[in-house]
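[1] Here's my sequence, what's the structure:
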Amino acid sequence: MPSLLFRRWRRADEGRTWCRRVCWLDLTIGDLLGREILVSATQQESWVALLEDKKLVELMFDRPDQGRLIGDIFLGRIDAVLPGIQAAFVDLGTGKAGFLHVGDLNPSDIDGDIDDNGNGSGEGGRGRRRQRKLPPIQDHLKKGQEVLVQVTKEAIGTKGPRLTAEISLPGRFLVYMPHASRVGVSRKIDGRDQRSKLRKMAQGVLPPDSGGMIVRTVSEEVTKKTLEKEFRRLHERWQKIRRTADSMKAPASVHGEAKLISGVIRDLFSDKFEALRIDSKAVYNEVRDYVQSVDPDLLDRVHLHQGAVPLFDKYGVGEEIQKAFQRTVRLKSGGHIVIEPTEALVSIDVNTGKFTGKGK
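    Below is the predicted model of the structure:
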């Protein structure tokens, strides 16, 4: 079962819609005040809660035994190539064969352009592509062939994980894409001048024929020296991944993505959050060491929670979780929403209830 993310209801004027349960992490948080991150961790499980104005808006949960694969890199073996759907099934050694579509092969293997802006997916490693003509997958992959792939979507039910051969390695300030050739900037960074400045800075950091990168949102005020340092670290990681893959026999796991807490701190924690509160001394020390290395100015916002009252109880998170997973969700307007999961879909029934509309 993949990691879960719970998203509380938000007003329409915040530009968000509802979502009760989705896989892993896909966050776009508005510039609101009073934001905090709460981390509750034990050896058995990890919880991360995001608060806005003391109210729970996001909840993430992970267990070591859940077998989450998204972001992990495998040396796989082609089980079957299906020209009819232009896809291949790849044995990862995890029990379920992964699905690799022709559009997810390396750009270097296929003629065609990649979006110069590289910002189609915001923070992700794969930008939106222009329309291109793809050659038959059977011209590039054969049964029994070994291929280095990355998981982009967890397995669901009887379906195996979705894969890509376009490897991306996320850091705090940039995403390194060894098989790409362009530099992009996250679309969440406002201002054409700022985006142009960051793109030129990134282009100056990237050596010729060494891949591509996307500058992430948190890099708005980053220096060239910081980008260079992170690029070198990610490039060295990629070289290590290649050496490891060369020494292995498929199918095999080559590299594991950062787990829940590490990923949240890397991707989210910035000066837009007032505080990061952690109830585990060990995790607190690890987070402080990481923040010290990437953004020392944020150290005074990292706090160790101590006291008789558990962290989540102190901030009312436990009570909010219980309310969230009820079948009926009450709205402030007087209406309510009824959520009914089924095997094929999740039905949502919106009832006006006591709400009669705004009077003139």
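
[2] show me the contacts for the nearest residue to residue 147 once chain neighbours are set aside.
    Among residues not flanking residue 147 along the chain, residue 76 sits closest, at 5.5 Å (C-beta to C-beta, 6 or more residues apart in numbering). Yep, even glycine has a C-beta here, placed from its N, CA and C like the rest. Shown in contact with residue 76 (C-beta atoms under 8 Å, 6 or more residues apart in numbering): 90, 91, 92, 93, 98, 146, 147, 148, 149, 163, 250, 251.

[3] what do you get if the cut-off is 6 Å, keeping everything else the same?
    Applying C-beta atoms under 6 Å, 6 or more residues apart in numbering, we find residue 76 in contact with 90, 91, 92, 147, 149, 250, 251.

[4] neighbours of the fourth one, just the number please.
    Residue 147 is flanked by 20 other residues according to other C-beta atoms under 10 Å.

[5] Would you confirm that it belongs to a strand?
    Yes - under DSSP: H, G, I helix; E, B strand; the rest coil, residue 147 falls within a strand.

[6] all helices for this protein, in order.
    Along the chain, counting by DSSP state H, helices occupy 192-205, 224-246, 260-267, 281-294, 311-314, 317-324.

[7] which one of those helices is the most hemmed in?
    Highest mean neighbour count among the helices of the chain (mean count of other C-beta atoms under 10 Å): helix 260-267, with a mean of 20.

[8] Please enumerate residues in contact with that helix?
    So helix 260-267 is contacted by 39, 46, 48, 60, 62, 172, 287 (C-beta under 6 Å, 6+ apart).

[9] how distant is it from the center of its chain?
    Distance of helix 260-267 from the chain centroid (C-alpha atoms, centre = their mean, to the nearest Å) equals 9 Å.

[10] now the angle between helix 281-294 and it, please.
    Interaxial angle of helix 260-267 relative to helix 281-294 (axes from the mean of the first three to the mean of the last three C-alpha atoms, to 10 degrees): 20 degrees.

[11] tell me the mean pLDDT for helix 260-267?
    Helix 260-267 carries an average pLDDT of 87.

[12] Span of stretch 214-225 from start to end?
    One end of stretch 214-225 sits 16 Å from the other (C-alpha to C-alpha, to the nearest Å).

[13] List the buried residues for that stretch?
    Buried positions in stretch 214-225, judged by neighbour count with 16 or more other C-beta atoms under 10 Å: 214, 215, 216, 217, 218, 219, 220, 222.
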